[in-house]
Structure formats: structure tokens, C-alpha cells
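sequence-free structure coming up:
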Ligand SMILES: Cc1cc2nc3c(=O)[nH]c(=O)nc-3n(C[C@H](O)[C@H](O)[C@H](O)COP(=O)(O)OP(=O)(O)OC[C@H]3O[C@@H](n4cnc5c(N)ncnc54)[C@H](O)[C@@H]3O)c2cc1C
Ligand SMILES: Cc1cc2nc3c(=O)[nH]c(=O)nc-3n(C[C@H](O)[C@H](O)[C@H](O)COP(=O)(O)OP(=O)(O)OC[C@H]3O[C@@H](n4cnc5c(N)ncnc54)[C@H](O)[C@@H]3O)c2cc1C
Ligand SMILES: CC(C)(COP(=O)(O)OP(=O)(O)OC[C@H]1O[C@@H](n2cnc3c(N)ncnc32)[C@H](O)[C@@H]1OP(=O)(O)O)[C@@H](O)C(=O)NCCC(=O)NCCS
Ligand SMILES: CC(C)(COP(=O)(O)OP(=O)(O)OC[C@H]1O[C@@H](n2cnc3c(N)ncnc32)[C@H](O)[C@@H]1OP(=O)(O)O)[C@@H](O)C(=O)NCCC(=O)NCCS
């Protein structure tokens, strides 16, 4: 058996090594266009920032070591130009010369390439970079070291843009991030991205949201924005997303889907059963919605690489889909997401319920605990989990990993209440964040309480709802939502008479917990009441300028 | 509705607060024998050690606050002496006076008490303590502060014993832990407890395993051990486990099970349907084995407390069982366990397969990663997960929480390979520890490789197996298992001729990964081969004195 693999990084090399383990006698050729294989794409920003000091650390494997250990025929600087499906061979260019290789099975793990929108002047920009591989990173480092780079602009506030903002700032560069959307980090919902935006600004990075770059002037050193303003930049990083690298597949007549991603079945076979495709180049089924989409992440790419090898070796495997679990560090904070976000649910017209909590990462009586913000999205009918997001200093990765596992298992919010997570004071609370949000969600499902969201307050108050802040007088004085009245929870039972019973009461507190307690009392006393989910804290996070201080 | 709750801490108070939320108009009385309710039992060792500085931090709630917020009638220093089931009333002693309260529903959350074996001289010991509540902790602190405590002995190396060893050492006391078993931390298997033992010793705490205290002499300042030796101690902590506090239930004629734990059905009802019992006092179904057992942990107690309230309020709930997920900090290490351990599986006669891996907590090319040791136990027929254990500096809690969730969901090792966990270099690897151990376990299940365990090596080598160490010559020289020969993996393919094909080859490396690679090559070339699971590292952890250095 002769297997040819195009692309020698996350997906491709995972397939190659696994194939060797499964079929000692197969001929396995890995063809990689670039100068390196098996490099840590995800480490590139940290190499640029200096956290990863040594470039060689980024090279998880080398062609020599892969030959020695896995008897792989790894060829770098070898671009596959075309696939001849009838003859089952590929044409390869190596150092200007073309040659051919036949295959029994062909695996495409060609990845994705940074988008390069046709902005006016982009071709003349001499300080413009994208980041995908080690040469890209080396070019950025070298440009910084050889030029007097004081100011950098990053176009696009996705995960890579945000990581690069932190890492360029770490080099003492003054960074401005320009984002077309009205929020940064599009995989998150806006209220969950807001704390990341705040921490980035606190660290001296400027963020300009809702702005598009319409032109590059002066060889890229001046960016023209759609509001007419200009932004000076010694260096520009373009990080506005990636597109599947599917030209090779397209020319070979393989079926492509939306965004030109390669279509595969649940065996990762393309429309040609001798050709498999994996990784960033393919369309995958979003595990929660079932919809075809593109989810360019390393974990799925690695997993698909291993699975395709299993398939070729005759093992039974099925690729069920991708959840899209991801995480990003931004200075002292982390933000993570799994499953569907609220924007996606709304867009798909799916009925959903959202809930936010603010648990500490571990028992607050043990030193060092930090509050995170946690969001859960679920089916209001049966409690099935749709997605989750978390942002905070500690425990974000753990919480999202547990929730990702729960979603994968098809769990409901009630199942979350029953999870038994490792508790000792330094590590968690007896009621873990995941349990607590399960409880709170179950209460919504059981109609024990009704809630409204941060973006509904202003409208409902205008419509006549009364906003009751049940925190202490002291907390209220230090900042509250406009038009709210203060009635502390601990005197609520005694002061019920002060509340009207003919209009909607919106109760609110700091994070939603006391509001819930108040709502339970009021509901049972016959009032019409909703709890402001996430409380004052979440409202203030999104609308720092609206609150009364 | 009038509900009386006996015991006002984890289970009892969780029931009380939830009941109030569900039934605003119920009469809810909480009777607590001790002077405090709602205190953080789990924080007590850290209060003694000084990490938690302020005793008031241990009091999560007070009777006053519980009255104010939840309209609860909380009575401390109120011991329930007897239950009159026919008349539905309890007799209470408060400050020397008895009185009665009737109930519609009674909840017993009486907890457990430290075992006090009838060791000779125990009654005369004046420096002997157990640790269950705030007065216990205060008494220990006061004894230390008022006496010249230089040496302490801890009898029993369970979770509390180990936490106390660290915390007494933090006060500058020279600590000796005496454990009857041949390992510390019985919930773990011995090879997983070994690194904890090592770190404890490194921090100056002495451990004497396989020893029983047979007598206290000189008012407890001298412990006599079963080997005849004597151990001087200014202070002695007895932490040899707990027994359910079920005397009240027993006298009321409620059904008890093994270890006198109160028997309840899956609605948490005792044999009297007006009386519920929860927490450390009850027998629960171990979720994996289905067997009735006692699992005295805070998370289940809290959960049962909430559930019993739901039940009383008429909501449909079923208690499915307890996994027994737990974690302990020991200096810089953490050790955690979920589900069944190997000892329990062996004892139950359940066929199982074990596997150990040593993944880094996050991508090793990003600074600060630490290797942990991870153990998985699963059904060798279908891959169903039985249990997991982890020990290490970082990521232990996260890894066990994901595995606990997976076990709860009834997942198999193959499901672990498909989990999609949040990956960015500071947080995880593209193949997360949980994925990797799933892969490795799947290979065993698929018979792609056979493995042997650390405790089988010596025997098999004696029987004629050849032990082949496939690490580099340099690694081998720095330490190897006796009788192993060195044949580095990267030259294995070229040197196959040197290996005998008529006897079992045991391949070994540092942690098991390269051994696996070697095993795959050798198996496909017709050799009879097993991989030493966990490799040299695990062997050395358990047998530091056996290895050739
Ligand atoms: C800066 C950066 C940070 C990232 N951070 C994260 C993160 O934190 N977490 C995460 O999950 N993901 C992250 N990713 C994404 C992750 O790296 C990708 O999802 C993953 O590498 C995809 O694997 P792949 O095999 O599909 O493609 P790649 O790893 O990109 O490999 C594709 C390879 O194919 C080669 N190739 C393409 N066409 C040809 C051809 N015709 N002939 C020969 N070779 C060809 C390319 O040169 C390329 O090397 C990051 C990516 C980048 C760029
Ligand atoms: C030092 C220590 C550390 C711990 N660390 C951890 C940890 O890290 N993680 C973990 O999961 N668990 C830990 N635990 C265990 C955890 O605290 C218990 O599992 C949990 O508290 C059990 O809850 P419960 O309601 O059943 O009993 P408890 O919380 O013990 O409450 C029972 C209460 O009932 C009262 N009572 C008993 N009989 C009567 C009566 N007749 N009348 C009136 N009142 C009565 C008692 O005074 C007691 O206050 C630890 C326990 C201790 C002691
Ligand atoms: C590293 C790379 C070449 C893959 O190599 P690999 O050998 O498949 O992967 P690993 O080194 O993680 O080893 C995993 C194998 O070891 C086995 N293994 C791991 N630990 C083991 C242990 N203790 N005992 C036994 N087996 C073990 C696993 O089962 C797995 O084997 P399998 O797939 O046959 O089941 C490829 O992933 C790569 O190029 N990565 C870098 C690029 C990248 O991922 N970029 C994106 C992220 S930055
Ligand atoms: C603290 C104690 C009194 C329980 O109090 P509690 O009010 O039930 O628990 P919490 O303060 O965690 O609040 C949980 C409630 O708030 C709700 N909640 C939490 N955050 C919320 C939010 N942001 N929005 C809405 N609701 C929220 C939860 O749904 C839950 O309510 P529910 O049970 O009605 O669903 C009890 O657990 C106790 O005494 N603990 C200390 C003793 C102990 O546990 N010892 C062992 C460990 S050291």
C-alpha cells in the first residue's frame, strides 16, 4: 500500500505517524510545500512575543526524526501542483522541478490560508503580514528587529488577532486592533467578549470596533478607515480569518461546499473514495446543530488525522462532527467557548434559553479564588445543552472542558447538577461552577423563576417594568442601573407592601443570585417578576457608560 | 408544612435553604448539636495550617444571616436525642433542657464522626485530637499555641491525615504519619500514591507505613507501634476514617446497612417515608459498581441536600448514586480519583484493564508545563470506563473532572478519543491528556498492543521474558530496570536480528510511549511482545531502590 499525504503539519503528520504504527510495511510519503513539517502553528504568536524563546521549540518533529522513528518519507519544499485522479498520481514541484508520485490512497491535509481581502493599496503595503507558519513568524520578528516598529495595527480581533495584540504589546509595541464587528472575538457573544476587551485596554492596547480598513496608504504605514480616519502603523498584521486551502481539490474536481471547503462523508472520504481530506480544509458537521460548517482548530485536525489512518488501515471509525471548543488567553484572562453561541442560535432560528453565573473558581474561603463569568445556552423545552462560554482568570479551561464533555455526551442541564467534580478547597467548590449553573438553569426550565437578559432591561423599563435592585444600600450607592430602586433582599419580606402588584418587577443584584432569591419570594407572594440574569455586574460589563456611579 | 432538619452543615443546610426557596411558607427548623452551622469542614486543615487566617472565613453562614435571608429557624447547641416516629416528633436538648418539636417531614443530615479505635491508653491521652468541626480545629490550634509542640504524629494517611501533615508542617512542627496500610491515601492505587509519598518526605514529613499503633503511653506522648518501636509525640491526630453518625436513626428503628450507614431508597427516603436521610450518614450506590457503600464527601452531601428539598416540595428527582470523585493537595502536588480504583475492581472480581500515561498538562513547547501521571481503568471487553486517577503539579483537577463527567455519561475509552477539549498552548495540548489516554486504551482494546503492569515485570523476567529498554543509550545509562538490555527505538528496525523470536519480549521506555511504538514494529514483524505500561518512570516511582542507577 502506498499512501501520499499532502500537508505535513497537524492533520497530515498525525495521519502519517498513525499510519506507520498501523501498517509497518506501507510506503508513506508526506509532501509539504513549506520548509517545515510538524510545527506548532498555535505557538507562533508566543514565539513572536518572546514567551517561547527558541524557534526550534516550535518544531515538534523534523523530517529526519520522522524518518528515523517512523520510517516516513517526508519531503519539504515540495508543493503538490495537481492530482490526476484517473491515474492516481500527483504532480509535485520541488526546487523548480516537477515530478510525479502515484498513490493508492491520497490524504489532503492542506489546511487553510489567511484571508487577504482586496483592500486598496494592499499590494503596495510593505509592512503587511499574515501569520500561518514559521517563516511568517520569522519574517515578523525580523521586521520588528530591523525596523523601528513603534506602532502596530492588527486588523481583525479574532483569536489570532487577540493573541498577537498581547504578544506585540509584550515587545513594547503600541498596538491598535481594528475590528469590523461591534465586538471582539466573534466566537463569543458580546457580553462575554467585553471583559476581554476591558483587560486588553487596561494593558495599553487600543481597540477600534465597528471599523473597516478601506485602504492602505504610504506603503501600508497609513490605514484608512471607513469613518474617514487614518491610523499610522509601522507594522500591520492582517488576521481577518482563514479560507480552506482547497484549490488542489477543486482543480481535481472534488466536491466542495460553502466557503470552498472540501466535502467529505463521515469516513472523511471526499467525492473520490481513494482520496481523503481532513483538517482546516474540510467542511465538518457542527455537532450540536448538525449543520455543515468550517471549524479550523488543531484538536479536530489531529483527531481527523488519526482517524483517517485508522480508516485506511481498515479499522471501523466514524467522524461524528466537531463541537468547536476553543480558548484564548488575553493577558491575565482566558476566554473559552464550546458548542453554539447565542448569535448562531438566533441566526438559525433555534429556540434557546441563556443563563449567566459568576462563580469563584474554588471555594472563596480558601485564598486566591477568582470569579469567572459563565454562560450556558440550552433548549428551553428539554434542557439539552447547546453551548457554553466562560471568561475569567482561573478555572475557565476546566469549566469549559467539563461542559464540552457534557455536550458531547448529549447531557441536559439537569445532568449538570449531578456531575461529581473533584472538590477540595484549593481546587473547586462543593457546588462546582458547573453544578451551580445547572441548578440555575434547571430553575428556569422548571419555571421556578423567569429571567431577562442584559440587553432587554432598558426596553422593558421603558415599557413600564419596575427595576428593583435587591443589593445592600451600600452596594447600590456604589453603582446601579439607571431607574432602578433599591430594596435590599434581607428586608424584602418585611417590605412587600411597597411593591406594586400590577406591573412587571425586574429584580436585580450583583450577579443574579440574590435576584433569584428575591424572585422566588416575590413569585410565591403573587407578584409578576423576572430576574435580571447576570445582574448589575454583567450589565455594567457591557454598558460601562450607562450605569449610575 | 413543618420540616425539621437534624444537622446544620453541608447536607442539612443545603436542604434548608433550598426548601425555603421552594416553599416560602413552610416552617423550617434546623437543629444543630454544635455551636456553628454551615461551616467549611473542608477548610479546617488550612485554618490550622494558617493558609486560612481568619476563623470567621470558615463560617459560610450564621444562624442570624440564615434567618434574615431565608427565614430559617436555626438552633445551635441543640442536640436531637430521640425521634418519636409514631407521634412524628423529636426530643431536643438545649443547654441542659429537653423539649420537643413535631414534624411533617424529618431530614437527617447527621454526618459522620471520626473513628476512635479502642487502643490501649487512648482514654488517658491528653494530646490526642480528631478533626471534624470548628471547635476541634480551635482546640488543636490552641493546644499548639499553648504547648511546646515540636513533634506531631498523625495516625492514618487518608485525605485528612495528609492535609494535616502538610498543615502541621507549615507551622514548623516535625510530623510523622503512621499508616497501617502499605501505602498512603487508600482511595488511590499504590503506584499513584507513591509520588505523593515522595513529595511529603521531600518536605520533611516522615512516613511510617505498614505500622499500627497498639498503645498510647505517658498520656499520649509516646506511641507504641506493632513493631515494638516507640514514637514520641507532643500532639497526636487520629485520622483513621469516619463512621456514619447514625445512632439517632438506629434508636428510632430505621434500617441501617453495613458500617451502620442509614439505608435510603433512590428518593433518599429512609425506611420511614416521613424521614429522609442524606450526606455522610447514609449508604449510597457506587455509580460504577452499583454496590452499596459509604462515600463521605461534601459534593454528594450538598447535592443530596438540594434533592431532598426538591422531593419534599413535590418535584420529581432520583438519586442515581455517587462516583466518589475526590482530590487532595499535598504540597506542590495534587492527587485525584474518580470511580473505582484497581484494588476495588480486583476485590470485586471484575475483569479490568489498567493503563498509565504521563502527559504534560499543556503543550510542552509553551513554558511551565508539568508532566502528570494519569491512570485509567476500563472494561477490557467493551471499553467502558471504571475509574481514573491522576497525580501531578498541574491539570490534575481538570483531567479528573473531565473523566468523572465521561464516566457519569457512561462513556467508553473510544469516546475519550473524540472529546474536544479547549486547546491553546497555555492551557492544553492539541491531543489533550484525556484524548491520549483514550488512544492508548483503544489500542489495548483493539489488541494493537499488549501491555504488562509495573508489578508484573520482575515475575515475568524471572519466568524468562527478555526486558528490552528502547530509550537512548544515555537515558539507559542514567538508570534502568534490572536485567533490561538497551536497544534504542530509532535503531530497532535495523537491529531486529538481535532479538530472539522464541520468548516474550517486554519493551520499556521512559513512560510507555516509545515502548508502544517499538511494540507495534515488533508485533508486525512477528515477535511476541508486551509493552511495560508506564515505563521506567512508573517502575522507579514504586521501586526507587530496585532500579540500577
Ligand atoms: C497563529 C495561529 C495560532 C493558532 N492557534 C490555535 C490554537 O490556539 N488552538 C487551536 O485549536 N488551533 C489554533 N490554530 C489553528 C491550527 O493550527 C489549525 O487548525 C491546524 O494546524 C490545522 O491543521 P491542518 O493539518 O488542517 O493544516 P495545517 O496545520 O495548516 O497544515 C497544512 C499544511 O499543508 C501545506 N500545504 C497546503 N497546500 C499544499 C500543497 N499543495 N502541497 C504541499 N503542501 C501543501 C501547508 O504548507 C501547510 O503546512 C492556530 C493557527 C495559527 C496560524
Ligand atoms: C477536616 C475535613 C476535611 C474535609 N475535606 C473534604 C474535602 O476536601 N472534600 C470533600 O468532598 N469533603 C471533605 N470533607 C467531608 C465533608 O465535610 C463531608 O462529607 C460533609 O460535610 C458531609 O455533610 P453532612 O451534612 O452529611 O455532615 P456534616 O457536614 O458533618 O454535618 C453534620 C452535622 O450534624 C450534626 N449532628 C449530628 N448528630 C446530631 C444530633 N443528634 N442533633 C443535632 N445535630 C447533630 C453534627 O454536629 C454536624 O454538625 C472533609 C471533612 C473534614 C472533617
Ligand atoms: C506530533 C505529530 C507528528 C503526531 O505524532 P504522534 O506520534 O501521532 O503523536 P504523539 O507523540 O502525541 O503520540 C501519540 C501516540 O502515542 C500513544 N501514547 C501516548 N502516550 C502513551 C503511553 N504512555 N503509553 C502507550 N502509548 C502512548 C498514543 O496512543 C498515540 O498512538 P496511536 O495514535 O497509535 O494510538 C503531529 O501531531 C504534529 O505534527 N503535530 C504538530 C503540529 C500541530 O499539531 N499543530 C497544531 C497544534 S500547535
Ligand atoms: C451554603 C449553604 C448554606 C447552602 O446555601 P445555598 O443558598 O443553597 O447555596 P448557594 O449560596 O451556593 O446558592 C445556590 C443557589 O443559588 C442559585 N444561583 C447561584 N448563582 C446564581 C445566579 N447567578 N443566578 C441565579 N441563581 C443562582 C442556584 O441555582 C442555587 O439555587 P437552587 O438550589 O434553588 O437552584 C450550605 O451549602 C452550607 O451550609 N455550606 C457550608 C458547609 C459545607 O458545604 N461543608 C462542606 C464543604 S466545606
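Nice, I can see it. Computed from a predicted structure; not experimentally measured. Ligands and ions are numbered 1, 2, ... in the order given.

which helix or strand contains residue A:106?
Assigned by DSSP states H and E, residue A:106 belongs to strand A:105-108.

helices and strands around that strand, which ones?
strand A:2-6, strand A:275-277, helix A:298-312 (3 or more Cβ pairs under 8 Å, 6 or more residues apart in numbering or on different chains; DSSP states H and E). To be clear about C-beta, it is placed using only N, CA and C from the backbone, and glycine gets the same treatment.

buried residues in the first one, which are they?
The one in question is strand A:2-6. By 16 or more other Cβ atoms under 10 Å in any protein chain shown, the buried positions in strand A:2-6 come out as A:3, A:4, A:5, A:6.

next, the angle from that strand to helix A:298-312.
In terms of direction (axes from the mean of the first three to the mean of the last three Cα atoms, to 10 degrees), strand A:2-6 departs from helix A:298-312 by 160 degrees.

check which helix or strand covers the residue of the stretch 351-500 of chain A found nearest ligand 3.
Using Cβ to the nearest ligand atom, the closest approach of the stretch 351-500 of chain A to ligand 3 is made by residue A:397 at 15.9 Å. Assigned by DSSP H and E, residue A:397 falls within helix A:396-408.

and chain B, is stretch A:187-202 touching that?
No. Applying Cβ under 8 Å from any Cβ of the partner chain, one finds stretch A:187-202 separated from chain B by no less than 11.5 Å.

got the buried residues for that stretch?
A:187-197, A:199-200.

and for whatever residue of the stretch 201-350 of chain A ends up closest to ligand 4, the neighbour number?
Residue nearest to ligand 4 within the stretch 201-350 of chain A (Cβ to the nearest ligand atom): residue A:342, separated by 17.0 Å. If you count neighbours by other Cβ atoms under 10 Å in any protein chain shown, residue A:342 ends up with 20.

for it, which non-adjacent residue is closest in space?
Using Cβ to Cβ, 6 or more residues apart in numbering or on different chains and skipping residues adjacent in sequence, the residue nearest residue A:342 is residue A:189, 4.6 Å away.

what about the residue of the stretch 201-350 of chain A closest to ligand 4, distance to chain B?
Applying Cβ to the nearest Cβ, to the nearest Å, the value for residue A:342 to chain B is 19 Å.

quick check: what element follows the helix or strand containing residue A:474 along the chain?
Using DSSP H and E, residue A:474 maps to helix A:473-477. Using DSSP H and E, the helix or strand that follows helix A:473-477 in sequence is strand A:484-486.

and for the helix holding residue A:474, what's in contact with it?
Residues outside helix A:473-477 that contact it (Cβ atoms under 8 Å, 6 or more residues apart in numbering or on different chains) are A:469, A:484, A:486, A:488, A:510.

what does the spatially closest residue to residue A:549 that is not a sequence neighbour show for phi and psi?
In space, and not counting its chain neighbours, residue A:549 is closest to residue A:479: 4.9 Å by Cβ to Cβ, 6+ apart. With angles defined as degrees, to the nearest 10, residue A:479 sits at phi 150, psi 130.

model confidence score at residue A:479, please.
Note for residue A:479: predicted pLDDT of 97.

show the end-to-end separation of stretch A:79-92, please.
5 Å (Cα to Cα, to the nearest Å).

residue of chain A nearest ligand 1, please.
Residue of chain A nearest ligand 1, by Cβ to the nearest ligand atom: residue A:279 (2.1 Å).

residues near the nearest residue to that residue once chain neighbours are set aside, how many?
Distances taken as Cβ to Cβ, 6+ apart place residue A:11 nearest to residue A:279, at 3.3 Å, with adjacent residues excluded. Here the count is done by other Cβ under 10 Å, and residue A:11 has 33 residues near it.

now do residue A:113
17.

kindly report the same for residue A:273.
10.

phi first, then psi, for it.
The phi and psi torsions at residue A:273 (degrees, to the nearest 10) take the values phi -70, psi -10.

same question for residue A:336.
Per degrees, to the nearest 10, the backbone of residue A:336 is at phi -140, psi 160.

same question, the one 3 residues further on
The phi/psi pair for residue A:339 (degrees, to the nearest 10) reads phi 70, psi -150.

three-state assignment of the residue nearest to it when sequence neighbours are not counted?
The shortest distance from residue A:339 to any non-neighbouring residue, by Cβ to Cβ, 6+ apart, is to residue A:387 (3.1 Å). Taken by DSSP: H, G, I helix; E, B strand; the rest coil, the conformation at residue A:387 corresponds to strand.

neighbours of residue A:387, how many?
27.
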